[in-house]
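A.B. asks: From the sequence below, what's the structure:
(one chain, ligands or ions: 1)
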Amino acid sequence: MIISTNMSERLTSAASDAWAWWAETHNEKDEWARGILTVSSLALLVIWYTWSTLHSKSRKPHNLRYPPGPRGLPLVGHLPFLDPQLHTYFANLATTYGPIYKLNLGSKLTVVVTSSSLAKEILRDHDVTFANHDVPSVARVAYGGSDVLWSQYGPEWRMLRRVCVREMLNNASLDAVYALRKREVKRMVNDIHRRTGELVNLREEMFLTIQNVITSMAWGGGGGDEERIARLGTEFREVVGEIIELLGKPNVSDFFPSLSRFDLQGLVRDMKVLFLRFDQVFDAIIEERLRSMEGGGGGGAECKDFLKTLLQLKDEGEAGKVVFTMKHLKALLLDMVMGGTDTTANALEWAMAELMNKPETMTKAQEELDVVVGKNCKVEESHLPKLQYLQAVVKEVLRLRPGVPLMVPHCPTISCNIGGYLIPKGAKVFLNTWAIHRDPSIWDNPLDFNPERFLNKTTYDYTGNDFNYLPFGSGRRICAGIPMAERMLMYGLATLLHLFDWELPKGSKLDLEEKFGIVLKKATPLIVSPTPRSPNAISLYF
Ligand code: HEM
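C.D. replies: Here you go, the predicted structure:
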C-alpha cells in the first residue's frame, strides 16, 4: 500500500513537471510549438476515437450486446458457483437467462446455448466460424494437437478427417475388419456365460469389450509376436485410462489462459510424462508390425487392420498438400481409442439400464431378435438393418442420455451475431444437447424412455440435419465415428439381449442417476445377473 501511494505521488509530480512549461510559455517560439502540439493532440484524439470506435465495431458487429447472464465475482467470475453436474446446472440457468447466456469462467468468456434454433445458427449458418473446438491445455501435449478432434479447422484437419473417413470409418472399411469385432464379441459372451448366476459389473464388461474391439480393429489383425502385442495392448489401455482421467480434470490454465505457461496444477507436466509412456508403447507396437511386414508376411495379418492401412498411406500426400506422417498415424489411432471407447461403452450401459427399468421394452427387443435372428442362431451384423425396434431403442438411449451432453465446446474464429447477441471471437461455446433432447416443446413426455417415438420415423437420424436431435453433433465437426459407433452399439446390444435374460441383484433398486463428465455416465455402475436364454445359441460362441 505504502509502495503504491509513493509511486502514484511520484507519477503525478513527474506528469505535472512535464506539462508545466505548456502553460508557462511567453515567447513566440513557444507559442508556435504550443499551437502545433495542441493541433496534433486534437488530431491524435480524433484518430484514436475513430480507430477505437471502428475497432469496437469490428469486435461488436452492429453494436450488439453480449448475451445476458449472471454477474459473478471479480476476477474468478462465475467459477465458484459452478455445480459439478454441469449439464443440469446449465439447463437450470437457461430457465432464468434464456436459451443463450454468458458466464465468465475465470477470464474465459463462456456462452451456453440451449435451443435447437440457435444450435442451427451456430452449426449450420455459421459453420465455418464455429468449426474449431476449444482446445484444453493438456490436449495440446498429445502429438501437438495434430489429431482430428483438436486440430484447427484447415488443411491438416481436412487431410486427417479424409483419412479417417475414407480409410477406416466407412462401411466398406468396417466390413473388412468384421472378423476382429466378432472375435471380441465372442470373448465377451464367453466371459459373461462363465459368470452365469453371478453378478456382473456391466460397465467394466462393456468398457473392456469396446476397448478390445477398437484396439483389435486398430492393430489386432495379427502379424508379429502376438503375445508381445497383447502385453503391449494391456499397457496401452492402462495409459489411455490415465490420459482420459487427466483430460477430465478442471485446469486453472483453461480458465485463465494468460497463466497457462505457469501450469499451476502441473497437469501439463503430468500429461507429458504419461504421453511419453504412451508414445513408447505405441512405437513398440508399430515396430513389431513393421518387423513382421519386412519379414514378408505382409503384416502376417489374417485380416487387414487400421495400422496396416495407415502404414501404407504414411508419407503419402499430393504436391502442395499436407503429408500424412507417423505423428498423424499415431494421433489418429489415439483418437479412435479415446473418442470411441468411453462414449460407446457408456451408451451400452445406459441402454441396458433403461431396458431393465422398462422390462416390457426389453421383452419387445428380445422378441424382435428371436424373429429376425432366430432363437437358436448367432447374431450377425447383417441382421442389424432389419432390427427396427432395436434401432429405435438405441436412438432413444442417445436422446435421453446423450453421450457427450454439452458436446465438445466450439470456439468462433471471429466475433459474430447469434440470436441477436454478440459471441466474441475466442469464446468457449457449449451446446447443451442434453437439454435440447429433453425440451418439452419438441418431445412429448421427454423424460419417458419410449423407443416407440422413433419407430417408423425417417426424420430422426444421426446426420445432424435435424437440430432437435444431435447425439453426434452436426456440421463440419460432426462425430467422425458414427458408422463404427452405430455398429458397435447395435451389435453389442443385440448379442447381450439375444443370448441372456438380465436381473438386478435381489432386493436392489435400479438407480438411474447421472454423473456429468465429458462423457455422461451412470452415477453407479450397473450390476446385473445374467441367465442364458438359449443354450443352443450360446454354444455357437464356444
Ligand atoms: C455413442 C458413441 C459416440 C458418441 C455419442 C459420440 C459423440 C461425438 C460428439 C458429440 C462429437 C463432437 C461433435 C462436435 O463437436 O460438433 C464427436 C466427435 C468425434 N468423435 Fe465421436 N461419438 C461416439 C463414438 C465415436 C467413435 C466410435 C469414434 C471413432 C472410433 C469417434 C470419433 C470421434 C472423432 C474423431 C471426433 C472429432 C471429429 C472432428 O473434430 O472432426 N466417436 N463425437
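A.B. asks: what's the burial count for the residue in the stretch 151-300 of the chain that the ligand sits nearest to?
C.D. replies: The minimum distance from the stretch 151-300 of the chain to the ligand, using C-beta to the nearest ligand atom, falls at Arg161 (5.4 Å). For every residue, glycine as well, the C-beta is placed using N, CA and C. Under the neighbour criterion other C-beta atoms under 10 Å, Arg161 is assigned a count of 18.
A.B. asks: One more: Ile527?
C.D. replies: Ile527 - counted by other C-beta under 10 Å - has 14 other residues nearby.
A.B. asks: Can you tell me how far it is from Leu247?
C.D. replies: Distance, Ile527 to Leu247, by C-beta to C-beta, to the nearest Å: 27 Å.
A.B. asks: May I ask which helix or strand encompasses the residue of the stretch 151-300 of the chain closest to the ligand?
C.D. replies: Per DSSP states H and E: Arg161 is located in helix 155-163.
A.B. asks: Can you give me the buried ones in that helix?
C.D. replies: 156-157, 159-161, 163 (16 or more other C-beta atoms under 10 Å).
A.B. asks: Which residue lies nearest the spatial centre of this structure?
C.D. replies: For the chain, Val408 is the residue whose C-alpha lies nearest the centre (C-alpha atoms, centre = their mean; 4.4 Å).
A.B. asks: which one is that one nearest to, not counting chain neighbours?
C.D. replies: His133 (5.0 Å; C-beta to C-beta, 6 or more residues apart in numbering).
A.B. asks: Pull the helix or strand harbouring Ala392 out as CSV, backbone CA atoms only.
C.D. replies: Element membership of Ala392 [criterion: DSSP H and E] is helix 388-400. Extracted in CSV, the C-alpha atoms of helix 388-400 (Å, rounded to 0.1, in the frame of the first residue of the first chain):
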residue,chain,number,x,y,z
GLN,A,388,-36.1,-51.8,-36.5
TYR,A,389,-37.2,-51.9,-32.8
LEU,A,390,-33.6,-52.2,-31.5
GLN,A,391,-32.6,-49.2,-33.7
ALA,A,392,-35.4,-47.2,-32.1
VAL,A,393,-34.1,-48.3,-28.6
VAL,A,394,-30.6,-47.1,-29.5
LYS,A,395,-31.9,-43.7,-30.8
GLU,A,396,-34.0,-43.2,-27.6
VAL,A,397,-31.0,-44.0,-25.4
LEU,A,398,-28.9,-41.4,-27.3
ARG,A,399,-31.7,-38.9,-26.9
LEU,A,400,-32.3,-39.3,-23.2
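A.B. asks: How about residues contacting the following helix or strand past it?
C.D. replies: The first helix or strand that comes after helix 388-400 along the chain, using DSSP H and E, is strand 410-411. Residues from elsewhere that reach strand 410-411 (C-beta atoms under 8 Å, 6 or more residues apart in numbering): 122, 130-135, 426-429, 431, 477.
A.B. asks: If we check the ligand, which of those are in contact?
C.D. replies: Among these, the ones lying near the ligand by C-beta under 6 Å from any ligand atom are Arg477.
A.B. asks: and the one residue in the chain that gets nearest to the ligand, what is it in contact with?
C.D. replies: With C-beta to the nearest ligand atom as the measure, Gly481 is the residue of the chain nearest to the ligand, at 2.1 Å. Neighbouring residues of Gly481 by C-beta under 8 Å, 6+ apart: 169, 336, 339-340.
A.B. asks: possible to save those residues as JSON lines with secondary structure?
C.D. replies: Putting the contacts of Gly481 into JSON lines (DSSP: H, G, I helix; E, B strand; the rest coil) gives the following:
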{"residue": "Leu169", "secondary structure": "coil"}
{"residue": "Met336", "secondary structure": "helix"}
{"residue": "Gly339", "secondary structure": "helix"}
{"residue": "Gly340", "secondary structure": "helix"}
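A.B. asks: Of all pairs in the contacts of strand 410-411, which one is the farthest apart?
C.D. replies: By the measure C-beta to C-beta, Ile122 and Val135 form the most distant pair in the contacts of strand 410-411, at 17.9 Å.
A.B. asks: These two: which is more packed in?
C.D. replies: Ile122 (25 against 17).
A.B. asks: Leaving out the residues flanking it, which one is nearest to that one?
C.D. replies: Counting by C-beta to C-beta, 6+ apart, the residue nearest Ile122 is Phe130, at 5.1 Å.
A.B. asks: Against Val268, how distant is Val252?
C.D. replies: 11 Å.
A.B. asks: How about Cys479?
C.D. replies: Distance, Cys479 to Val268, using C-beta to C-beta: 27 Å.
A.B. asks: Give the ChimeraX command for selecting the buried subset of the contacts of strand 410-411.
C.D. replies: Filtering these down to the buried ones (16+ other C-beta under 10 Å) takes a single ChimeraX command:
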select :122,130,131,132,133,134,135,427,428,429,431,477
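A.B. asks: Please say which of Val252 and Val268 ends up with more neighbours.
C.D. replies: Val268 (22 against 17).
A.B. asks: The more buried one: what secondary structure?
C.D. replies: Classification of Val268 using three-state DSSP returns helix.
A.B. asks: which residues touch it?
C.D. replies: Val268 sits next to 137-138, 140-141, 253, 260 when contact means C-beta under 8 Å, 6+ apart.
A.B. asks: Now with 6 Å, please.
C.D. replies: 137-138 (C-beta atoms under 6 Å, 6 or more residues apart in numbering).
A.B. asks: Show the model's pLDDT score for it.
C.D. replies: At Val268, the predicted lDDT confidence score is 95.
A.B. asks: likewise Leu504?
C.D. replies: 95.
A.B. asks: Can you report how many residues neighbour it?
C.D. replies: By other C-beta under 10 Å, 17 other residues sit near Leu504.
A.B. asks: and if you look at the one 3 residues further on?
C.D. replies: A total of 5 residues lie near Gly507 under the criterion other C-beta under 10 Å.
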